[in-house]
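J.: no sequence on this one, just coordinates:
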């Protein structure tokens, strides 16, 4: 079976199963690009240019913007985060055993989820509730910097001191802070920073932080559509980007091609710490490698990039120079994008 036919067959098999209604898969094989799409939106067939929420895959854009600011000499990833805020604005954010350790948190700690700060989005609050559960129940809510600071400082507790040992805890609070740093260093809105540092230079015409009214595939949670325009517009750097598989491909290739930094700097981001098996976190990147004991002995190459709770993904395979972007557009079943990528890798490995 020809590669295109195999990819089309793969994607077609996903549509209609497990509440998956739209699938987009884009693959670059060292300059040779392929795509396969399934489903319909607004009466038209979904394509690799259909806009969708990329959720936490947005964190790659925060990484790219910080790398660009560092290359311009405006920041260092080892700067303490308090450098970018007035005195006392972050006071008490990381209160650990009677001491305020906020001053020890660096940008690199935030990027690599090593700050110890709790996760405002899915972490438990003092009353046992989770913000994500509130949203997934259909309760839309607008929030901002003031609310995230208050939730993190007053309603949650840090998990460990900044940079302690090999510890890491995935936390959207880290990237909310990084978004605020980017905004203040750039001296403009975060939208303007994204345009001038990333989307403008790369010509990404279909990538932006979400604002209510922007056309985009609906978020799906099982059989339900989630209407959360206020919330999605409130989480820019940690999860609020809308993009397409083609734009994400151009961006991911630029990121791993060293466009935003020297290649040595990109390699410096790959200090891996385990977060969710089998994922590991570096500074602004995730690493996905399936152990052979889980794959019946089949070998899958290392993938570097990020995924999102919406079912979006953008990963690069350094060993083969393969890159995969797209989405299954489904929140329920967070392994879905990884299963799709592994099935695509099976096809690619048979065809090469």
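T.: That came through, no problem. This one's a predicted model, so the numbers in the text were calculated from it and none came from an experiment.
J.: which residues of this protein score low on pLDDT?
T.: Filtered on pLDDT under 70, the chain yields the residue ranges 1.
J.: ends of stretch 248-264, how far apart?
T.: 23 Å (CA to CA, to the nearest Å).
J.: Now do the buried residues in that stretch.
T.: Neighbour counts using 16 or more other CB atoms under 10 Å place 248-256, 259-261 of stretch 248-264 among the buried residues. All C-beta atoms are positioned from the backbone trio N, CA, C, and that covers glycine.
J.: Quick check: chain neighbours aside, which residue is closest to residue 28?
T.: Spatially, and ignoring its direct neighbours in sequence, residue 28 is nearest to residue 323 (4.4 Å; CB to CB, 6 or more residues apart in numbering).
J.: what's in contact with the helix or strand harbouring residue 250?
T.: Assigned by DSSP states H and E, residue 250 belongs to helix 245-256. The contact list for helix 245-256, computed with CB atoms under 8 Å, 6 or more residues apart in numbering, reads 24-26, 28, 33, 35, 48-50, 54, 57, 60-61, 63-64, 198, 202-207, 243, 260, 266, 304-305, 312, 314-316, 318, 323, 325-327.
J.: Skip ahead from it and say which helix or strand is next.
T.: Going down the chain from helix 245-256, the next helix or strand is helix 263-267, by DSSP H and E.
J.: Off-centre distance for that next one?
T.: Taking CA atoms, centre = their mean, to the nearest Å, one finds the center of helix 263-267 at 19 Å from the center of the full chain.
J.: In terms of secondary structure, what does the helix or strand following it contact?
T.: Downstream of helix 263-267, the first helix or strand assigned by DSSP H and E is strand 273-274. Under the contact definition 3 or more CB pairs under 8 Å, 6 or more residues apart in numbering; DSSP states H and E, strand 273-274 sits against strand 279-281.
J.: Could you list the buried residues of the next helix or strand after the strand it packs on?
T.: Per DSSP H and E, strand 279-281 leads on to strand 286-288 as the next helix or strand towards the C-terminus. Using 16+ other CB under 10 Å as the test for burial, strand 286-288 gives 286-288.
J.: buried set for stretch 25-34?
T.: 25-29, 34.
J.: hmm, I was thinking of stretch 283-303
T.: Quick answer for stretch 283-303 (16+ other CB under 10 Å): 283-288, 290, 300, 303.
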